[in-house]
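Undergrad: turn this into a structure:
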Amino acid sequence: MKKAISLNSRKAGALVSVLVFGLAAVCPSAEDAWTYKADITTARTWFGGCVLDGKIYAIGGGRSDSSATSAVEVYDPVSNTWTRMANIPSARCCHATCTFEGKIYTFGGGPGVWSLTDKKVFLYNPQTNTWTQKADMPYAIGSSGIVVVDNMIYLIGGTLSASSTPVRRVMAYDPVTESWTQMADLPTARELLSACVVDGKIYAIGGCKENWQTFAYKIVEVYDPSTDTWTSRQDMPTERWSLGACVVKGSIYAIGGCSNGLQPSTANEVYDPATDTWTTKAPMQQKRLGHFVGLVGDKIYAIGGHYPNLNMVSRTEEYDTGLGVPSPDFNGDGVIDSADMCIMVDHWGEDYPPCDIAPTPFGDGVVNVQDLIVLAEHLFEEVFPIELAAYWKLDETECSIAHESVADNHGTVYGEPLWQPEGGKKDGAMTFDGIDDYVEAGFVLDPAGGTFSVLAWIQGGSSGQVILSQTDGTGSGETWLGTTASEGNLMTGLVPPQVGRSAVFPLESQSLITDGQWHHVGFVWDGEYRILYVDGTEVAKDAMVQKPLKSATGGMIIGAGKNLEAGNFFSGLIDDVCIYNMALTAEQITALAQ
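TA: Next up is the predicted model:
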């Protein structure tokens with residue numbers, strides 16, 4: 001262990017002066033948690049994915065049973081944006097994709113999910129945004145695993161088509177000579193597997209055989225290129241095919257996929273090659289298969305894919321492994337201040353991971369000036385949970401803007417609601433007159449996109465009024481939180497789309513919230529059930545699993561319905577409106593209601 005360096009007053013003064021020059025930033029993280037990010041523009045499945053220079057490329061992919069796209073998009077995690085790049089020359093899906101010496105290679109695949117695969121090889125140069133077709137492969141293949149080891153690209157297993165028998169073939173490609181070498185066969189023939197490299201060895205994980213509708217593998221087989229031999233390792237806890245996988249600090253994260261009986265999975269299981277053991281981590285929010293999983297820094301990203309019947313998923317999820325640098329809020333009090341600086345000073349010169357916050361993603365093993373600069377960048381900032389997508393405190397004393405604290409999605413105040421700087425449940429609140437007062441803000445999330453939660457404090461109100469709603473945008477907006485028309489109980493109008501003659505109705509509780517007392521109200525969509533909460537207690541829940549909710553891409557309205565109809569305007573106090581891009585647990589909601 002390194003000896004601690006004591007700081008005399010001169011050194012301490014120098015450290016304080018450094019605080020003026022904050023040059024780097026680190027986002028407060030939520031360990032072992034998933035967060036929704038910007039949707040991919042073109043939803044797709046079984047596409048080619050790879051990470052290059054800190055960005056994620058999505059290449060081609062299936063769009064339906066018989067069609068594929070040639071679209072190429074690149075995701076920048078720093079700006080949380082997608083950018084369209086030059087199309088791959090031939091639309092395809094189920095192709096194998098990797099990076100080599102700053103360029104992207106794709107192998108095989110075919111023009112549709114049920115199509116025969118081909119032998120085509122394409123090379124993409126990101127510097128010129130151009131594609132080149134290379135010499136064909138010696139065989140047609142799709143749905144294979146792919147890795148790079150010692151300047152060779154390995155293709156593992158795969159199949160000729162979705163209805164063909166998978167192969168055991170393993171081929172090594174030399175990008176320099178464009179030559180192919182057949183290696184020792186994979187012990188278990190399979191397709192739609194994932195492959196990763198740890199310490200120069202190739203791990204082939206999961207997959208399926210031709211009866212993929214009913215059978216998935218959980219096996220792990222390891223190839224040593226130096227001896228051209230395969231060995232078996234500990235099975236995955238959950239059998240899966242069409243999963244995604246990546247390596248983080250020597251451990252393999254196997255995420256999502258499809259289990260036996262065509263059951264899409266959110267599983268996140270981690271394999272440690274050193275101990276040959278598996279552990280379970282927080283599952284994804286969105287069930288999916290045919291997606292891409294990649295690592296940028298210390299964050300894992302799951303992108304696209306589909307769930308049964310080729311229902312496309314456009315959602316991007318970010319997973320915090322907890323292995324990167326921690327938040328500068330060392331004492332966890334929700335604000336970065338002098339107390340955190342004192343903690344850092346106390347551990348100056350030590351190998352003390354909680355304060356080793358730079359450089360990203362994993363620190364450098366010592367608390368030093370780099371870490372202090374990062375802390376200075378965030379000095380006096382509040383620290384919000386990474387899952388929090390929007391937060392209107394409604395604490396202003398006056399003005400026509402309701403400030404949003406997470407993403408600057410500030411709301412415009414309409415009518416003449418009264419600010420109550422000290423009259424809220426938590427600091428200030430806003431009084432709505434029930435006639436024409438409301439706050440309108442921008443888009444936060446699409447209810448059809450995955451799990452989410454919304455919470456607020458309210459006092460007053462009357463029957464048939466709306467606390468929070470969403471405008472239509474390109475979909476159909478609904479009342480997120482409101483009161484029933486007959487009794488003034490908590491309800492939500494969020495429903496799945498009607499299928500045939502079968503309609504799902506708004507979820508209504510038997511809990512009165514219009515009695516003039518302060519109430520903490522909440523709604524959670526966990527991907528299967530709608531749940532309502534009052535004062536930290538569950539008060540209503542669907543009796544059966546529901547389909548995904550109706551899509552809406554419009555903005556949010558606090559204190560009125562989406563159409564601003566008379567009778568829907570809220571009459572009372574609203575405080576601390578929060579939207580989370582995850583399904584909060586009952587325990588979390590109880591804690592927030594205190």
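Undergrad: which stretches in the stretch 451-594 of the chain count as helices?
TA: 586-592 (DSSP state H, counting those that start in this stretch).
Undergrad: sorry, slip of the keys, the one I care about is the chain.
TA: Counting by DSSP state H, the chain has helices at residues 9-18, 338-346, 369-377, 586-592.
Undergrad: residues of the third one that come out buried?
TA: Looking back up the chat, that one is helix 369-377. Within helix 369-377, the residues scored as buried using 16 or more other C-beta atoms under 10 Å are 370-377. C-beta: built from backbone N, CA, C; applies to glycine.
Undergrad: domain-wise, how is the protein divided?
TA: Each domain of the chain is listed here as a residue range: 9-26+324-377, 45-320, 388-592, per automatic domain parsing.
Undergrad: TSV please, covering these and showing mean pLDDT and distance to residue 38.
TA: Listed next are the domains of the chain as TSV, based on pLDDT from 0 to 100; distance: least, C-beta to C-beta, whole Å:
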stretch	mean pLDDT	distance to residue 38
domain 9-26+324-377	72	19
domain 45-320	94	5
domain 388-592	94	11
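Undergrad: in a markdown table: these, plus distance to residue 37.
TA: Output for the domains of the chain, formatted as a markdown table (distance: least, C-beta to C-beta, whole Å):
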| stretch | distance to residue 37 |
| --- | --- |
| domain 9-26+324-377 | 16 |
| domain 45-320 | 4 |
| domain 388-592 | 9 |
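Undergrad: what is the neighbour count of residue 421?
TA: The burial count assigned to residue 421 is 12, neighbours taken as other C-beta atoms under 10 Å.
Undergrad: wait, isn't it in contact with residue 397?
TA: Yes: contact criterion C-beta atoms under 8 Å: residue 421 and residue 397 qualify, at 4.5 Å.
Undergrad: report the set of residues contacting both of those two.
TA: Counting by C-beta atoms under 8 Å, 6 or more residues apart in numbering, the shared contacts of residue 421 and residue 397 are residue 428.
Undergrad: all strands of the stretch 51-200 of the chain, in order?
TA: 55-59, 72-76, 81-85, 96-100, 103-107, 121-125, 130-134, 145-149, 152-156, 170-174, 179-182, 194-198 (DSSP state E, counting those that start in this stretch).
Undergrad: thinking again about what came up before, return the member of the buried residues of helix 369-377 nearest to residue 150.
TA: Sorting those by how near they are to residue 150, with C-beta to C-beta, puts residue 370 at the top with 33.4 Å.
Undergrad: look up how far residue 342 lies from the closest one.
TA: 18 Å (C-beta to C-beta, to the nearest Å).
Undergrad: same list, the helices of the chain, but as a markdown table with distance to residue 537 please.
TA: Listed next are the helices of the chain as a markdown table, based on distance: least, C-beta to C-beta, whole Å:
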| stretch | distance to residue 537 |
| --- | --- |
| helix 9-18 | 48 |
| helix 338-346 | 35 |
| helix 369-377 | 40 |
| helix 586-592 | 8 |
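Undergrad: ok, which of the ones you listed comes nearest residue 437?
TA: Across the helices of the chain (criterion: C-beta to C-beta), the nearest stretch is helix 586-592, sitting at 25.7 Å.
Undergrad: in that closest one, what's buried?
TA: Using 16+ other C-beta under 10 Å as the burial criterion, the residues of helix 586-592 that qualify are 588-590, 592.
Undergrad: let's have those in a markdown table, adding distance to residue 303.
TA: Putting the buried residues of helix 586-592 into a markdown table (distance: C-beta to C-beta, whole Å) gives the following:
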| residue | distance to residue 303 |
| --- | --- |
| 588 | 27 |
| 589 | 29 |
| 590 | 33 |
| 592 | 30 |
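Undergrad: any idea which of these is the one closest to residue 529?
TA: Set against residue 529, the nearest of those by C-beta to C-beta is residue 589 (14.2 Å).
Undergrad: surely the closest one touches residue 455?
TA: Yes: judged on C-beta under 8 Å, residue 589 makes contact with residue 455 at a distance of 7.1 Å.
Undergrad: shared neighbours of these two, which are they?
TA: With C-beta under 8 Å, 6+ apart, residue 589 and residue 455 have common neighbours 522, 533.
Undergrad: residue 224 touches residue 203, doesn't it?
TA: No: contact status for residue 224 versus residue 203: not in contact, 10.9 Å apart, counting by C-beta under 8 Å.
Undergrad: so which of these two has more stuff around it?
TA: residue 203 (24 against 15).
Undergrad: distance check, residue 471 against residue 498.
TA: Where residue 498 is concerned, residue 471 sits at a distance of 20 Å (C-beta to C-beta).
Undergrad: out of those two, which sits in the more crowded spot?
TA: When residue 471 is set against residue 498 and neighbours are counted by other C-beta under 10 Å, the residue ahead is residue 471, at 20 against 10.
Undergrad: quick check: phi and psi at that one.
TA: Taking degrees, to the nearest 10, you get phi -80, psi 170 for the backbone angles of residue 471.
Undergrad: endpoints of stretch 258-276, how far apart?
TA: Taking C-alpha to C-alpha, to the nearest Å, stretch 258-276 runs 23 Å from one end to the other.
Undergrad: any buried residues in it, and which?
TA: For stretch 258-276, using 16+ other C-beta under 10 Å, the buried residues are 258-260, 264-271, 273.
Undergrad: out of those residues, name the ones that lie in strands.
TA: 258-259, 264, 268-271 (DSSP state E).
Undergrad: farthest-separated two in these?
TA: Distances among those were taken as C-beta to C-beta; the most separated pair is 264 and 271, at 20.9 Å.
Undergrad: what sits opposite residue 107 in the beta ladder?
TA: The partner list for residue 107 in beta bridges (DSSP bridges) reads residue 96, residue 121.
Undergrad: does it really touch residue 158, like I thought?
TA: No: using C-beta under 8 Å, residue 107 is not in contact with residue 158; the gap is 9.4 Å.
Undergrad: who's more crowded, those two?
TA: The neighbour comparison of residue 107 against residue 158 (other C-beta under 10 Å) goes to residue 158, with 33 against 27.
Undergrad: check contacts around the more buried one.
TA: Per C-beta under 8 Å, 6+ apart, neighbours of residue 158: 96, 108, 117, 141-145, 166-167, 169, 191.
Undergrad: what pLDDT does the model give residue 594?
TA: Note on residue 594: pLDDT of 85.
Undergrad: so it makes contact with residue 588?
TA: No: in terms of C-beta under 8 Å, residue 594 does not count as a neighbour of residue 588; the distance is 11.2 Å.
Undergrad: hang on, the earlier thing: now distance to residue 153 too, for the buried residues of helix 369-377, in a markdown table please.
TA: Conversion of the buried residues of helix 369-377 to a markdown table gives the following (distance: C-beta to C-beta, whole Å):
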| residue | distance to residue 153 |
| --- | --- |
| 370 | 37 |
| 371 | 39 |
| 372 | 43 |
| 373 | 40 |
| 374 | 38 |
| 375 | 43 |
| 376 | 44 |
| 377 | 40 |
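Undergrad: for the residues you listed, which one is nearest residue 331?
TA: Ranked by distance to residue 331 (C-beta to C-beta), the buried residues of helix 369-377 are led by residue 375 at 12.3 Å.
Undergrad: what is the burial count for the residue lying closest to that closest one once chain neighbours are set aside?
TA: Leaving out its chain neighbours, the residue that sits closest to residue 375 by C-beta to C-beta, 6 or more residues apart in numbering is residue 328, at 4.6 Å. Look at residue 328: counted by other C-beta under 10 Å, it has 27 neighbours.
Undergrad: centre-most residue in the protein?
TA: Averaging the C-alpha coordinates of the chain gives a centre point, and the residue nearest to it by C-alpha atoms, centre = their mean is residue 317 (1.4 Å).
Undergrad: who does it bridge with?
TA: Judged by DSSP bridges, the bridge partners of residue 317 are residue 36, residue 302.
Undergrad: right, and residue 583 touches residue 454 too?
TA: No: the pair formed by residue 583 and residue 454 falls short of the contact definition of C-beta under 8 Å, at 11.1 Å.
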